[in-house]
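>>> sharing a model prediction with you, sequence too.
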Amino acid sequence: MPESNQDHNDPNEVQLDREDAVSDASEDVVDAASPPARPGIFADPVVRRLSWLGGLMLVAFLAAVASALLFGVLNPPAPRTASERDLKLAETQIDAGSTEPEVWFSYISALISTDQYSKAERMINKARDAGYEDPAKQYLLVAQVRLDLAREEYQAALDDSDLAIQALEAQLVIEEEQFAGTKTPTVMIAEGLGENYETLLLNRAEAFENLGQSEDAIAALDEYLLKNERAADILVWRGDLKSAAGDTQGAISDYENASQYMPGDEEILKKLAELGATDG
Amino acid sequence: MAKAVLHDQSGSAAHLDTDESGDRTVKSKRGRRLVTVILIFLFLLLCAASYFLLRLVVPAGDIATSDEAGGITWVRSIYGWGPGPDQQLSRPGAVAIAGDGTILVPQISGNAQVLRFNPDGSFDGSFDGGEDEGRILYPTGIRVGPDGAIYVVQTTQGNLLKLSPDGNETIFALDVVEPSSVAVAADRIVVGAKEGFAILDLDGTPVNVIGTGGFADDQFDTVSGVAIDDNGDIYIVDTYNNRISKYDQDGQRIWIVTTGNPGNQSANQGGGSVNVETDAPAGMQTPGTAVIDGNGRLVVLDMLDFSLAVFDSENGDFLEKYGTFGAEEGKFVYPSGIAYDAERDWFAIGDLGNDRVQIVRIPGSSSSSLLPTARRALSGALRALLLPLILLLLALGYWIYRKVRERRANRLEMHEFSDEHTLESAE
C-alpha cells in the first residue's frame, strides 16, 4: 500500500502535521480549527519551478520573435537572393495591375522558387478563373507542371504536361490555319511548339527520372537535344541517365559531346574517368 | 520524516513533507503531472513555431553551400535599389565599403551614379558627382579613405574624384595612362594604371610614378588592382602580365610573383590570351582587384577564374583559392570588384555577370580578436537571439542579487543568534 494512503488512514498524524503546517502560514494555510484549506498545486515548489521554466520558455520565445522583428531578421529590408528579387519584381508589377501572362508566369515561378506552393496554386487558379486564353493559358499549364515537380508530385506533373502539350499543339494548328499562306508567320509557326514545349520536355524528363522510368526520361531529353544540341548540362544529364541504365558507350558519347562545349570541366572529366574513357 | 496528507478537489493527494532541515514542503502529484504535460506541449508548440520562423528567416532561392561554392560562405546578395525593373543593378563592377559598413556600388548603365547600400542590403541613397569633369560617367575603381572621403577613378576621363564627407568634390587630374584602380591609406593614394602606378598625397599631388609599359619585371600591363597594408606597403596586381608585386612606401620593390600565364605577352608570341595550363601555383587567369583582409593577407579577385586567390603578404606565397562559376547565390560570373569589411569580416564582390553584389566570407580572413567574431555572429539571423540573451543575463543578475541578499540576511541572523546565545551563556 502506498505510504500516502497509510498516512491518510492515521487521523492523529494528519492532525498533528496539520497543526505543524498552520505555523508555516506563508506557504500552506492549514487551519486546525476550521476545515483545512487545500493547498493549490502551486504550493508544490517543484510545480512552481516547472511553471517558471514554462513561463521563461515562452518569454524567451516571444523575446526572440520581438528581436527578430526589431532587427529586421524576419522582414529583410531588401531581396537577398535572385528568387526573392524576382518575386518582388513580379509582385510589384502585379500589384500595379499587370495582366501580362509573362509577368504572372514569372510571379508564379518566383512563388514556387521561394517555396510558397499554396500561394502559387492560388495564383494559378486565380489566373484560370480570370479566363485567360492562349497563349496565356499555356504559361499557366507550364506553371502548374513546375508546381507539381516542386511538390514532388511526378505523376501529376506528367498528366499536366500532357495537357500543356495538347494545348500547345492545338494553338499551333489554329495559328497555322489562321496564317496559312501569309508572309508573316507567327513565332510558333516559324519555330514550332516553342520554348514552353522545350521546358515541358525537361520537366517530363525530371518527372520520368524520379518515377524510375529512365528510358522515357532519355527519350524526352533526346527530343530536347534535337533542337539544343549544344546544351552541355543536358548532355551531362542524359549521360548520367544512360550511365545509370548501363549504356556506358552512350554515356561516354554524351560526356565527350558536353566536354566540347565545357572544355576542362572537372565534373565531366571525372565522369569520363569513372567510365574509363580518360585518365581523369 | 513526518508527513501530512491533504486532498485537493480531485481527491488526489497533496503531501506536506518535512525535510531533514525541518522545512515543510508540499508535494502535488496532480500538479506535477499537469505542469509536465503543459511543459511538453509548450515545448513542442515552440519548436513548431520556431521551425516556421526559421523558414521565414532563411533566404529563399538557390543558395550554394560552402562546398558547392568552392569554400565561399554566402551571406546575402544585393540586387537593386528598388522593386522596379529599372532599379536593378546592371553589370556592377567596382565596389567599396566605408568605415561604417556602407557598401558603395558604381552603376554605369543608365544614369551613371554611385549607389549606397546599408550592410543589411537596404538602399541608402546615391550620388552622381558634380558638373562637367566632376560628373561620374565611367567609374572603374572606388575606395573609401580612412577620413571617410570617397575616391572614384574614372578611366575614360583619366581623373580621380574625391568626395569628402562634407559634400565637397575635388577632381585630381592623373598623369598616368588609363587609370583603373585605387587604394587609399591615411597619408597617400595609389592609383593603378595601364603602364604602372602613381603615388599621390591626399591633396592629389603626385609623389611618385612607377613603371613603364611592357613585360619586364618593373614594367606593367594594366594594373587592375592596388592595395595598401597597415605598414603602408603597396601591392600591385599586374593583370595581363599575370604578376603580383609588393613595393615599400618609397616605391622599392620587395617581392614579385608570377600568378599565371601572361595574357598579352602570350598573345604576342602566338599563344592564346588566356591559357588554362600554368606552372604558377595560383593558376590565375586575369588577376584583378585586390584587398588586404583582416588577417593581413592579400586577396585578389580573378574575373575569368571566377575566384578569389589568397596570398601571404610577407612573401607573395599563394595560400588558397575560393569560389566557382555559377548563378547560384555564392557563385560568380565574371566577378570584377572586391572590398573588405574588417568589422563584419566579409567581402563585397561585384558579381558583374550575375548583375548583383554578393556579400561573402572566406575562411581565415578575420583577425583573431573577439569583436569581429561577435559582430559576425550578430550580423546574421543570430540577431534574433539578442533580446532573449539580454533577458537571460538580467534574470541571472537578479538571481545572483537575490542569492547574495539571502546569504547576507542569513549571516546577519546567525550573528544575532550567536550574540544572543553568548549573552545567555554569560548570564
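Structure received.

>>> show me what the helix ranked longest in chain B packs onto, helices and strands only.
Using DSSP state H to define each element, chain B has its longest helix at helix B:386-426. The elements that helix B:386-426 packs onto, with contact taken as 3 or more Cβ pairs under 8 Å, 6 or more residues apart in numbering or on different chains; DSSP states H and E, are helix A:45-70. Any C-beta I mention is one placed from the backbone N, CA and C, and that applies to glycine too.

>>> off-centre distance for the helix it packs on?
Here the centre of helix A:45-70 is set off from its chain's centre by 32 Å, with Cα atoms, centre = their mean, to the nearest Å.

>>> show me what that helix is packed against.
Helix A:45-70 sits against strand B:24-28, helix B:29-57, helix B:386-426, with contacts defined as 3+ Cβ pairs under 8 Å, 6+ apart.

>>> distance-wise, check the residue nearest the centre of chain B relative to chain A.
In chain B, the centroid-proximal residue (Cα atoms, centre = their mean) is residue B:346; its distance is 1.7 Å. To chain A, residue B:346 is 14 Å away according to Cβ to the nearest Cβ, to the nearest Å.

>>> was I right to think that residue contacts residue B:362?
No: the criterion here is Cβ atoms under 8 Å, and residue B:346 misses it with residue B:362 at 9.2 Å.

>>> dump the residue contacts of residue 214.
Looking at chain A here, since you left the chain open. Counting by Cβ atoms under 8 Å, 6 or more residues apart in numbering or on different chains, residue A:214 touches A:208, A:241, A:244-245.

>>> wait, chain B was what I had in mind.
By Cβ under 8 Å, 6+ apart, the contact list for residue B:214 reads B:195, B:220-221.

>>> which one of those residues is nearest to residue A:148?
residue B:221 (54.7 Å; Cβ to Cβ).

>>> circling back: return the member of the contacts of residue B:214 nearest to residue B:205.
Of all the contacts of residue B:214, residue B:195 has the smallest distance to residue B:205: 20.4 Å, by Cβ to Cβ.

>>> now the helices and strands packed on helix A:45-70 in a markdown table, with mean neighbour count and mean pLDDT?
Shown next, in a markdown table, are the helices and strands packed on helix A:45-70 (neighbours: other Cβ atoms under 10 Å in any protein chain shown; pLDDT from 0 to 100):
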| stretch | mean neighbour count | mean pLDDT |
| --- | --- | --- |
| strand B:24-28 | 21 | 73 |
| helix B:29-57 | 14 | 86 |
| helix B:386-426 | 11 | 86 |
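
>>> coming back round to it: of the contacts of residue B:214 - the most surrounded one?
Neighbour tally across the contacts of residue B:214 (other Cβ atoms under 10 Å in any protein chain shown): the maximum, 27 neighbours, falls on residue B:220.

>>> pLDDT weak spots in the stretch 101-250 of chain A?
Where the stretch 101-250 of chain A drops to pLDDT under 70, the residues are A:131-136, A:180-193.

>>> where do the strands sit along it?
Counting by DSSP state E, counting those that start in this stretch, one finds no strands in the stretch 101-250 of chain A.

>>> which parts of it sit against chain B?
Residues of the stretch 101-250 of chain A found near chain B (Cβ under 8 Å from any Cβ of the partner chain) are A:113-115.

>>> select from those residues every entry located in helices.
residue A:113.

>>> now the residues of the stretch 101-250 of chain A next to chain B in a markdown table, with neighbour count?
Below are these laid out as a markdown table (neighbours: other Cβ atoms under 10 Å in any protein chain shown):
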| residue | neighbour count |
| --- | --- |
| A:113 | 20 |
| A:114 | 18 |
| A:115 | 15 |
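
>>> and of the residues of the stretch 101-250 of chain A next to chain B, the nearest to chain B?
Nearest to chain B among those is residue A:114, at 3.6 Å by Cβ to the nearest Cβ.

>>> tell me the contacts of the closest one?
For residue A:114, the contacting residues are A:83-84, A:87, B:60-61, by Cβ under 8 Å, 6+ apart.

>>> the nearest residue to residue B:221 once chain neighbours are set aside: what secondary structure?
Residue nearest to residue B:221 in three dimensions, not counting chain neighbours: residue B:240, with 3.9 Å by Cβ to Cβ, 6 or more residues apart in numbering or on different chains. On the three-state scheme (DSSP: H, G, I helix; E, B strand; the rest coil), residue B:240 is labelled coil.

>>> now do the strands in the stretch 201-350 of chain B.
Using DSSP E, counting those that start in this stretch, the strands of the stretch 201-350 of chain B run over B:206-210, B:212-213, B:219-220, B:223-228, B:234-238, B:243-247, B:253-258, B:287-292, B:298-302, B:307-311, B:318-322, B:335-341, B:346-351.

>>> tell me the mean pLDDT for the fifth one?
Mean pLDDT, computed over strand B:234-238, is 97.

>>> now what about it, what contacts it?
Applying Cβ under 8 Å, 6+ apart, the contact partners of strand B:234-238 are B:181, B:183, B:190, B:192, B:197, B:199, B:220-229, B:243-249, B:251, B:287-290, B:292, B:298, B:300, B:313.

>>> among those residues, name the buried ones.
Neighbour-count burial (16 or more other Cβ atoms under 10 Å in any protein chain shown) applied to the contacts of strand B:234-238 gives B:181, B:183, B:190, B:192, B:197, B:199, B:220-229, B:243-247, B:249, B:287-290, B:292, B:298, B:300, B:313.

>>> for chain A, what is the nearest residue in the stretch 101-250 of chain B?
residue B:122 (3.7 Å).

>>> burial measure for the closest residue to that residue other than its chain neighbours, as a count.
Spatially, and ignoring its direct neighbours in sequence, residue B:122 is nearest to residue A:77 (3.7 Å; Cβ to Cβ, 6+ apart). Neighbours of residue A:77 under the rule other Cβ under 10 Å: 12.

>>> tell me how many other residues crowd the closest residue to chain B within the stretch 151-280 of chain A.
Per Cβ to the nearest Cβ, residue A:264 is where the stretch 151-280 of chain A lies closest to chain B, at 5.6 Å. Neighbours of residue A:264 under the rule other Cβ under 10 Å: 9.

>>> residue A:52 now?
Number of residues near residue A:52 (other Cβ under 10 Å) recorded here: 11.

>>> need the pLDDT of it.
As predicted, residue A:52 sits at a pLDDT of 88.

>>> kindly report the same for residue B:16.
Here the pLDDT value assigned to residue B:16 is 58.

>>> contacting residues for the closest residue to residue B:135 other than its chain neighbours?
Nearest non-adjacent residue to residue B:135, counting by Cβ to Cβ, 6+ apart: residue B:129, 4.9 Å away. By Cβ under 8 Å, 6+ apart, residue B:129 lies in contact with B:114, B:135-136, B:152, B:161, B:163, B:169.

>>> quick check: residue B:336 touching residue B:303?
Yes: Residue B:336 is within contact range of residue B:303, at 5.2 Å (criterion: Cβ under 8 Å).

>>> find residues that contact each of the two.
Contacts common to residue B:336 and residue B:303, judged by Cβ under 8 Å, 6+ apart, are B:288, B:352.

>>> now the residue nearest to residue B:122. Its backbone dihedrals?
Backbone torsions for residue A:77, taken as degrees, to the nearest 10, come to phi -70, psi -20.

>>> then the one 4 residues further on?
Note on residue A:81: its backbone torsions stand at phi -130, psi 170 [degrees, to the nearest 10].

>>> quick one: the residue lying closest to it once chain neighbours are set aside from residue B:390, how far?
Nearest non-adjacent residue to residue A:81, counting by Cβ to Cβ, 6+ apart: residue B:61, 3.4 Å away. Residue B:61 sits 32 Å away from residue B:390, taking Cβ to Cβ, to the nearest Å as the criterion.

>>> residue A:116 now?
Applying Cβ to Cβ to residue A:116 and residue B:390 gives a distance of 33 Å.

>>> where along the stretch 151-280 of chain A do the helices fall?
Per DSSP state H, counting those that start in this stretch, the stretch 151-280 of chain A carries helices over the ranges A:154-179, A:187-191, A:195-210, A:214-227, A:232-244, A:248-261, A:266-274.
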